[in-house]
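Trainee: I would like to see how this sequence folds:
(one chain, ligands or ions: 2)
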Amino acid sequence: MGFAVAFCVLAITVPIFTLDNGLMRTPPMGWLAWERYRCDIDCQNDPKNCISEALFRDMADRLSEDGWRELGYVYINIDDCWASMDRDANGRLQADPKRFPSGIPHLAQYIHDRGLKLGIYGDMGTHTCGGYPGTTLDDITTDAQTFADWEVDMLKFDGCYSNAKEQEKGYPAMSKALNATGRPIAYSCSWPAYQGGLPPKVNYTQLGEICNLWRNYGDIQDSWSSVLTIADWFFNNQDILQPAAGPGRYSAVVFD
Ligand SMILES: *[C@@H]1O[C@H](CO)[C@@H](O)[C@H](O)[C@H]1NC(C)=O
Ligand SMILES: *[C@@H]1O[C@H](CO)[C@@H](O)[C@H](O)[C@H]1NC(C)=O
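Mentor: Ligands and ions are numbered 1, 2, ... in the order given. Below is the predicted model of the structure:
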């Protein structure tokens, strides 16, 4: 199954401020589409594997009917390639109408009805990594509100097509904007992965204050050697990474 948070979970008791949204007090577990399904949008020829509402409903059925939910796997997370190439007339993101004909709010309802939570994907930048509309600094408030209106429970905020300066503004700004919606939305920041994953470029104290979860390292590929490469990186850097983690703030380890 998709993402699990494994290694860097032991909290040490130094006073570190944590993003105060009450979420992810224990390491989050669930399923994310990217590792297996990538940006397959060919629903005509590959209806079972394409990024569509049917895929996420299917996964919600699996987590809720096959015992995963009881083990704690409650997040169903959409990754890239869910959006329409165009924002709507009000400048809001919208789902691809062919692949998500019922819309994200309807999907959120389906997932909530099964005792699960819905995660969605955005990108701090002009475009997502897959070339879909990104969230520039000007769009942050609108997009946070859209996700809240849709009753989304988690946001993965990627970092393609932005520079270090924009990321330095955008990641904290999205944290504030999510808070301002009044809906508790877990916030997963890909920021460190775009800055090499380590201090001094990455400030883990700050990350713990603004994000619930963060990406340190590159994408997982569909192979055991990829898992091992990631495990090695965390092993080699554990003295830096471990103190940053604790209730409400974790490293996403085997996460896309
Ligand atoms: C917003 O932040 C305040 C102060 O940190 C916190 O008390 C509140 O629970 C947060 N609300 C949400 C929805 O995250
Ligand atoms: C890292 O972030 C913390 C909290 O925001 C801040 O107090 C500290 O000065 C930052 N450290 C560096 C080296 O910028």
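
Trainee: could you point out the longest strand in this protein?
Mentor: If you go by DSSP state E, the chain has its longest strand at strand 117-123.

Trainee: tell me how far it is from the chain's mean position?
Mentor: 5 Å (CA atoms, centre = their mean, to the nearest Å).

Trainee: Other residues contacting it?
Mentor: Applying CB atoms under 8 Å, 6 or more residues apart in numbering, the set of residues contacting strand 117-123 from outside is 30, 32, 56, 74-80, 82, 93, 104, 107-108, 111-112, 128-129, 132, 134-135, 143, 147, 150-162, 174, 186, 188. C-beta here means a position set from N, CA and C on the backbone, and glycine is covered the same way.

Trainee: partner strands of it, parallel or antiparallel?
Mentor: strand 75-77 (parallel), strand 154-158 (parallel) (DSSP bridges).

Trainee: what about the helix or strand Gly208 falls within and ligand 2, touching?
Mentor: Here Gly208, judged by DSSP states H and E, is contained in helix 204-210. Yes. Helix 204-210 lies within reach of ligand 2 by CB under 6 Å from any ligand atom, at Thr205, Gln206, Glu209.

Trainee: Now the closest residue to ligand 1 within the stretch 101-250 of the chain. Its backbone dihedrals?
Mentor: Nearest residue of the stretch 101-250 of the chain to ligand 1: Asn179, at 3.7 Å (CB to the nearest ligand atom). Here is the backbone geometry of Asn179 (degrees, to the nearest 10): phi -60, psi -40.

Trainee: In the stretch 1-150 of the chain, which residue sits closest to ligand 2?
Mentor: Closest point on the stretch 1-150 of the chain to ligand 2, by CB to the nearest ligand atom, is Phe17, at 7.6 Å.

Trainee: returning to what we had before: just the buried residues of the contacts of strand 117-123.
Mentor: 30, 32, 56, 74-80, 82, 93, 104, 107-108, 111, 128-129, 132, 134-135, 143, 147, 150-162, 174, 186, 188 (16 or more other CB atoms under 10 Å).

Trainee: and the contacts of strand 117-123, which of them are in helices?
Mentor: Phe56, Ile104, Leu107, Ala108, Ile111, His112, Asp143, Phe147, Met174 (DSSP state H).

Trainee: As a check, name the ranges of all strands in the chain.
Mentor: With DSSP E as the criterion, the chain has strands spanning 30-32, 75-77, 117-123, 154-158, 186-189, 213-215, 250-252.

Trainee: Get me the contact residues on the stretch 101-250 of the chain for ligand 2.
Mentor: Residues of the stretch 101-250 of the chain lying near ligand 2 (CB under 6 Å from any ligand atom): Asn203, Thr205, Gln206, Glu209.

Trainee: With distance to ligand 1, neighbour count and pLDDT added, can I get those in TSV?
Mentor: Formatted as TSV, these follow (distance: CB to the nearest ligand atom, whole Å; neighbours: other CB atoms under 10 Å; pLDDT from 0 to 100):
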residue	distance to ligand 1	neighbour count	pLDDT
Asn203	19	15	97
Thr205	16	11	95
Gln206	15	15	97
Glu209	10	17	97
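
Trainee: And the furthest pair within the residues you listed?
Mentor: Pairwise distances across those (CB to CB) peak at 9.4 Å, for the pair Asn203 and Glu209.

Trainee: Name the residue of the stretch 51-200 of the chain that lies nearest to ligand 2.
Mentor: Pro200 (6.4 Å).

Trainee: So what's the residue count around that residue?
Mentor: 7 (other CB atoms under 10 Å).

Trainee: thinking again about what came up before, so for the residue of the stretch 101-250 of the chain closest to ligand 1, what's the nearest residue that isn't a sequence neighbour?
Mentor: Asn21 (6.7 Å; CB to CB, 6 or more residues apart in numbering).

Trainee: Alright, calling it a day.
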